[in-house]
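Undergrad: Build me a structure from this.
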Amino acid sequence: MGKSAKIKPTNLAHSLMISSDLLINNKNWKRLSRSWNSGKLPHALLFHGPEGTGKEGHALELAALLNCTEITNDNPCGNCPSCKKTKSFQHGNVKIIMPLPRGKIKSSDDSVEKAFSDSSLKEYWDLLKQKKDDPYFPIRLTGANTILINSIRDLKHDLALSTINNEWRIILIFQAEKLCIPSPEAAHSLLKVLEEPPEKTLFILVSSQPGAILDTIRSRCQSLYFPPISVQILQDKLIQTGADPVQAAVMVRISGGNVRLSQELIENSTDLMEKLYLLLNACFSSDPSIWNKCIDTTARLKTKDISQMEQLFRCAVLFFRDLLYYSATGSDDEIIFKNKMSKIDKLTKSYSEADWHSCIQHIENTQNYISRNGYLPLQIICMILDIQKSLRGEIYEPFRLSDWTPV
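TA: Numbers count the residues shown, from 1 in each chain. Sure thing, here's the model as predicted:
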C-alpha cells in the first residue's frame, strides 16, 4: 500500500501485512501510518463501527507495525519474528483484554487466571487460532459477558514492568463496551491508566457500541470510524474466494457490509435460497397448504435464530426490489437475482398492474411485527393476502381503529 498508489477495490487485501485476508481501510491506515511516521501517534485509539468491518484486524496490524523490524511502504512485513509473534498472539508486548467468564474468581483481588477452567482455556486458544487465520473471526468465549476488573488490575501490574527489548507495548481491548457492562467498575480502573499512560504504550479500544463506553474514556481516545465494507469490494472478495456471483450479490446486500456475516451467509446459501423460494411461492399462490409450509418454516427459523428469519425477509425484499426495478426499466443491469431473470420477466408481465413497492412494504412491516412478537401465523397470512392485493393493483389501505368505530 504505497503512499501514491491507486488502490483498486479488488486489491484492498495486501500481502505485506500480517493478514493478507484483511480488507484495508485505506483512509484510516494512512492516517495511522502518518501519525506513526511523524511521532504523533496518540497513546489511546478507539476503533469503532459496525460488526464485521475489520476493526480488530486493523488493531492487530497496527500492533505489528509498531514493532516490525522490516517495515515496507508503511506496512508491517508479516514475516519478521515480531510480526509472526503478533499474528500468533504470542508477542510478549501485545496484550489482549476481552470479556471473560468469571470462573473461580471470588473477588477483585484474584488473578484473572482464575477465570479460566481447563475447558475455557482450551476454547480461548482455539478461538485465537481461528482469529489468526481469519481477521474477521469474532473471539467470543462461552459465558463471557463483561471485561473483569481483574483483567485491568493484572494489566496495571504488567505495565509496571519493563518491556521486552524496549519495544512498544500495545494493549488491545476487544469489545471495549463490555468495560461498562453490567457495571463500569473495570472502566473506572482503566481510566486511571489512560490519564497517566506509560511511555511507548498504545491502547487500542475496539467497539461496535462506542456509545456504551464512558465519556471520560472516549474523550481520552482518538476515534477512527470503520464503515461497512462497500457492496462492490465485498462482492469481489467473495467471488475471489470461490462464491457464486449471484449468491455473492445477494448475501453482500443482506450482510450490510459485514464481512464475517457475508461469509456465513454464503456457507448457508443453499438452505436460505430454498426457504426464500418457499416464501415467494406462498406469496404468489392461493394454496393454503403452501401458506402453512411457509408459516412452519418461518416459525422454526424464529425459534432457532431470529436473525436467520430476518435474513430470509431481507432476501424476499431484494427479490421484490428486482421486480420493481425490472418493471420500471425493462433492464437487467441492476438486477441482483440474475439467475432468475426468466422468472422475473414472466412475473412482471403476468402482473402488469402490480404495485411492487407496496409488496416490499408488506414484507418489511411483517418482519417488524414478528420481531416485536406479533403472532407469526396471522402475520404471515396477512402479508400473503396483502401482497396478493398489491399484485392485482388494488390500493392498499392499512387497518385503523376508526374502521371499527360505529358511524
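Undergrad: can you pull the buried residues of the helix or strand in which residue 249 is found?
TA: Assigned by DSSP states H and E, residue 249 belongs to helix 245-255. Residues of helix 245-255 classed as buried under the neighbour-count rule (16 or more other Cβ atoms under 10 Å) are 246-255. (Each C-beta comes from the backbone N, C-alpha and C, glycine too.)
Undergrad: tell me what the helix or strand harbouring residue 234 is packed against?
TA: Using DSSP H and E, the element containing residue 234 is helix 231-240. For helix 231-240, the contact count by 3 or more Cβ pairs under 8 Å, 6 or more residues apart in numbering; DSSP states H and E identifies helix 245-255, helix 259-267 as packing neighbours.
Undergrad: returning to what we had before: and the buried residues of helix 245-255, which two are furthest apart?
TA: The widest separation within those, taken as Cβ to Cβ, falls between 246 and 255 and amounts to 15.0 Å.
Undergrad: and the closest residue to residue 321 other than its chain neighbours, how many residues sit next to it?
TA: Residue nearest to residue 321 in three dimensions, not counting chain neighbours: residue 360, with 6.4 Å by Cβ to Cβ, 6 or more residues apart in numbering. A count of nearby residues for residue 360, using other Cβ atoms under 10 Å, gives 20.
Undergrad: that older thread, list of residues touching the helix holding residue 249?
TA: Where contact means Cβ atoms under 8 Å, 6 or more residues apart in numbering, the residues beyond helix 245-255 that reach it are 52, 231, 234-235, 238-239, 243, 261-262, 265-266, 269, 273, 311, 314-315, 318, 336-339.
Undergrad: Going through those, which ones are buried?
TA: 52, 234-235, 238-239, 243, 261-262, 265-266, 269, 273, 311, 314-315, 318, 336-337.
Undergrad: And the pLDDT at residue 366?
TA: The confidence metric pLDDT takes the value 96 at residue 366.
Undergrad: which SS class is it?
TA: For residue 366, the reduced secondary structure class is helix; criterion used: DSSP: H, G, I helix; E, B strand; the rest coil.
Undergrad: what's around it, how many residues?
TA: Neighbourhood size, residue 366 [other Cβ under 10 Å]: 23.
Undergrad: what about the nearest residue to it once chain neighbours are set aside, is that helix, strand or coil?
TA: Counting by Cβ to Cβ, 6+ apart, residue 366 lies nearest to residue 383, which is 4.1 Å off, once chain neighbours are set aside. Following three-state DSSP, residue 383 is assigned to helix.
Undergrad: and residue 383, how many neighbours?
TA: Residue 383 has 26 neighbouring residues, counting by other Cβ under 10 Å.
Undergrad: residue ranges for the strands of the protein, please.
TA: With DSSP state E, the ranges of strands along the chain come out as 44-48, 94-97, 169-173, 201-207, 222-225.
Undergrad: Quick one: closest of those strands to residue 328.
TA: Taking Cβ to Cβ as the criterion, strand 222-225 is the member of the strands of the chain that comes nearest to residue 328, at 34.8 Å.
Undergrad: Mind listing the strands that closest one pairs with, and their directions?
TA: The strands beside strand 222-225 in its sheet (DSSP bridges) come out as strand 44-48 (parallel).
Undergrad: Now do the strand it pairs with against strand 169-173, angle only.
TA: 30 degrees (axes from the mean of the first three to the mean of the last three Cα atoms, to 10 degrees).
Undergrad: Show me what the mean pLDDT comes to for strand 44-48.
TA: Confidence over strand 44-48 (mean pLDDT, whole number) is 98.
Undergrad: Give me the contact list for it.
TA: Outside strand 44-48, the residues within contact range by Cβ under 8 Å, 6+ apart are 32, 55-56, 58-59, 62, 176, 194, 197, 202-208, 210, 213, 218, 220-226.
Undergrad: quick one: the residue nearest to residue 366 and residue 351, what's the gap?
TA: Plainly put, residue 383 is 17 Å away from residue 351 if you go by Cβ to Cβ, to the nearest Å.
Undergrad: And residue 213, by the same measure?
TA: In this structure, residue 213 lies at 50 Å from residue 351, with Cβ to Cβ as the measure.
Undergrad: higher neighbour count, those two?
TA: Counted by other Cβ under 10 Å, residue 213 and residue 351 do not tie: residue 213 has more neighbours, with 23 against 19.
Undergrad: Show me what whichever helix in the chain runs longest packs onto, helices and strands only.
TA: Secondary structure of the chain read by DSSP state H shows that its longest helix is helix 306-329. The criterion is 3+ Cβ pairs under 8 Å, 6+ apart, and the helices and strands that helix 306-329 contacts are helix 245-255, helix 269-283, helix 288-304, helix 341-350, helix 356-371.
Undergrad: on that earlier part again, pull up the per-residue confidence for the residue nearest to residue 321.
TA: If you check residue 360, the pLDDT there is 98.
Undergrad: same deal with residue 405?
TA: Per-residue confidence for residue 405 comes out at a pLDDT of 52.
Undergrad: Could you do residue 399 as well?
TA: Residue 399 carries a pLDDT score of 54 in this model.
Undergrad: Which residues are in contact with the closest residue to residue 198 other than its chain neighbours?
TA: Nearest non-adjacent residue to residue 198, counting by Cβ to Cβ, 6+ apart: residue 159, 5.3 Å away. With contacts defined as Cβ under 8 Å, 6+ apart, residue 159 is in contact with 169, 193, 198, 201.
Undergrad: No more questions from me, cheers.
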